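# Predicted model and sequence below, questions to follow.
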Amino acid sequence: MMSSIADRMAELGVSCEALDWLRETGYDAQRAWEACERADWMLWACARLGVDRRLLVTAACRCWRAEAQQFVAEGELHSLRAVETAEAWIRGEATEEECESAAWSAAWSAWSAWSAESGWSAWSATLRLAPVAFNPRRDGGAPNG
């Protein structure tokens, strides 16, 4: 069992850093899920494993809402609009194109604020999550450090 999880993750193209971390969890999928501090790693793996896109986007939105105060500058609304658009897509009230447009608007806004640490963090988080959550077929790259 231990090597089958690691083998599957390696087949998916996960980074060496993520594989090392997985080894530290004892290759226990439940323990890995509960202990992972990198939502982008878990969302990436779920997307690559074929988890339903609506569940994946729901998880990404919940991650953002749980942590937004840590990486989004006060008053910055582009990322909130992106999450709200994604939530509308989950309910069937927005298109994928609207989601992608809102996500890239959020990324651009965060990039524009790059000089501030919070801007860098928001930009980085948006770029990690947006391509995977909104279009898992477009590989945003294997998660890495």
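Right, received. Where do you want to start?

# residues contacting the residue nearest to residue 35 when sequence neighbours are not counted?
Ranked by CB to CB, 6 or more residues apart in numbering and with sequence neighbours excluded, the top spatial neighbour of residue 35 is residue 25, at 6.0 Å. Yep, even glycine has a C-beta here, placed from its N, CA and C like the rest. The contact partners of residue 25, by CB atoms under 8 Å, 6 or more residues apart in numbering, come to 31-32, 35.

# Sort those residues by pLDDT and name the bottom one.
By predicted confidence (pLDDT), the lowest-ranked of those is residue 32, with 77.

# Just give me the neighbour total for that one.
For residue 32, the tally of surrounding residues (other CB atoms under 10 Å) stands at 20.

# Compile the contacts of residue 25 into a markdown table and extend it with columns for secondary structure and distance to residue 84.
As requested, the contacts of residue 25 are exported to a markdown table (DSSP: H, G, I helix; E, B strand; the rest coil; distance: CB to CB, whole Å):
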| residue | secondary structure | distance to residue 84 |
| --- | --- | --- |
| 31 | helix | 33 |
| 32 | helix | 30 |
| 35 | helix | 30 |
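
# tell me the domain boundaries of the chain?
Following the assignment in automatic domain parsing, the chain carries domains at 2-36, 53-134.

# The last one - what's its average pLDDT?
Per-residue confidence for domain 53-134 averages out to 78 on the pLDDT scale.

# before we move on, back to that, so which of the domains of the chain gets nearest residue 45?
domain 2-36 (6.9 Å; CB to CB).

# Now that closest one: buried residues?
Neighbour-count burial for domain 2-36 flags 5, 9, 12, 14-15, 18, 21-22, 25, 27, 32, 36 (criterion: 16 or more other CB atoms under 10 Å).

# Same list (these) but as JSON lines, adding distance to residue 48.
Compiled in JSON lines, those are given as follows (distance: CB to CB, whole Å):
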{"residue": "5", "distance to residue 48": "13"}
{"residue": "9", "distance to residue 48": "9"}
{"residue": "12", "distance to residue 48": "4"}
{"residue": "14", "distance to residue 48": "8"}
{"residue": "15", "distance to residue 48": "13"}
{"residue": "18", "distance to residue 48": "12"}
{"residue": "21", "distance to residue 48": "16"}
{"residue": "22", "distance to residue 48": "14"}
{"residue": "25", "distance to residue 48": "18"}
{"residue": "27", "distance to residue 48": "17"}
{"residue": "32", "distance to residue 48": "15"}
{"residue": "36", "distance to residue 48": "15"}
